[in-house]
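# Predicted coordinates and the sequence they were generated for:
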Amino acid sequence: MATTTDHEVVALEHAYWKAMQDDDSDAALELSYEPCIVTGPHGAAAVTHAEMSAMNEQKTYRLRDFRIDNMNVQSINDDVAIVGYTAKLDLTVDGKSFSREFAESSTWVRPNGHWLCAAHSEAPIG
C-alpha cells in the first residue's frame, strides 16, 4: 500500500524530470540537496549547486520527452526515501535525435520539512 511519502517522492521525481525537460535549472536546484551525489556512464561526482548550474548552461543535449515506468519507492523513515524505476528518454544530443531506456534511482531526504534529492544514479539498459 502506497504511503503519503511514496506519493510525494513519485511526484517529486516527475517534477525533477519536468524541470530538466523545460530547461528550468532553478526548479532543479530547488529540488537538489547540496552537494548531490550523481553517478552514471561518465562516473561519479558530488555536484554543488554552482556546478549543476554551470553543467546546465554547457550541456549539449536536450530532453524532448520522458516516460517513467515500474517505479518502486522504499521509505527508510519519515525523512528518507529511495526510488528506483525505468525511464525512456527522448533526447537530442549534438543535433541528433534518439530514444534510450535507462535504469534510474534517487535518494530523497527531508531536512527541515522540504524534500531534496541527495543522490541520483543512472545506467543505460541494454
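On my side now, so go ahead.

# hey, which helix or strand in the chain has the poorest pLDDT?
In the chain, no helix or strand scores lower on mean pLDDT, DSSP states H and E than helix 49-58, which sits at a mean of 90.

# I'd like to know which elements that helix is packed against.
helix 25-30, strand 32-40 (3 or more C-beta pairs under 8 Å, 6 or more residues apart in numbering; DSSP states H and E). The way it works is simple: take the backbone N, C-alpha and C, and place the C-beta from them, glycine included.

# average pLDDT across the helix or strand H7 falls within?
Using DSSP states H and E, H7 sits within helix 4-21. The average pLDDT within helix 4-21 is 96.

# Show me what it is packed up against.
By 3+ C-beta pairs under 8 Å, 6+ apart, helix 4-21 packs against helix 25-30, strand 61-77, strand 80-93, strand 96-109.

# can you list contacts of that helix?
24-25, 27-28, 31, 63-66, 68, 71, 73, 75, 78, 81, 83, 85, 87, 106, 108, 115, 117 (C-beta atoms under 8 Å, 6 or more residues apart in numbering).

# Would you mind checking the residues you listed for buried ones?
25, 28, 31, 63, 66, 68, 71, 73, 75, 81, 83, 85, 87, 106, 108, 115, 117 (16 or more other C-beta atoms under 10 Å).

# can you tell me how far the residue nearest to D94 when sequence neighbours are not counted sits from E30?
Spatial nearest neighbour of D94, excluding adjacent residues (C-beta to C-beta, 6 or more residues apart in numbering): T60 at 5.5 Å. Relative to E30, T60 is positioned 24 Å away (C-beta to C-beta, to the nearest Å).
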